[in-house]
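1. what would the 3D arrangement of this be:
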Amino acid sequence: MGFFFSIVKTSIIFGAGVYTGVYVAQNYQIEKVEDPKALFEKAQAFVKSKLSEVQDGKKD
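-> So this is what the prediction gives:
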């Protein structure tokens, strides 16, 4: 019985997400998202820069 409710809950959440995505795509101008590899590389560079700032702060 719990499995059935889990499937229903997941389906409702998925449907709400799809509906929201379609609504936003139709009514708002949204820039294209970069590919995941580029986003990951940007995140890595950001984390590395923050880590180097923290390490430089400890050395002073």
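
2. so where do the helices sit in this structure?
-> Remark: helices assigned in the chain by DSSP state H are 2-27, 36-59.

3. so which elements touch the shortest one?
-> Contact analysis of helix 36-59 by 3 or more Cβ pairs under 8 Å, 6 or more residues apart in numbering; DSSP states H and E lists no helix or strand as a packing neighbour. (Glycine included, C-beta is placed from N, CA and C.)

4. how about it: buried residues?
-> Within helix 36-59, no residue is scored as buried using 16 or more other Cβ atoms under 10 Å.

5. can you redo the helices of the chain as CSV with mean pLDDT?
-> Formatted as CSV, the helices of the chain follow (pLDDT from 0 to 100):
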stretch, mean pLDDT
helix 2-27, 94
helix 36-59, 89
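
6. and K42, what does it touch?
-> E34 (Cβ atoms under 8 Å, 6 or more residues apart in numbering).

7. how far away is G2 from T10?
-> 12 Å (Cβ to Cβ, to the nearest Å).

8. look at those two and report which has more neighbours.
-> Neighbour tally, G2 and T10, criterion other Cβ atoms under 10 Å: the higher count belongs to T10, 10 against 6.

9. quick one, what contacts the more buried one?
-> Contacts of T10 by Cβ under 8 Å, 6+ apart: none found.
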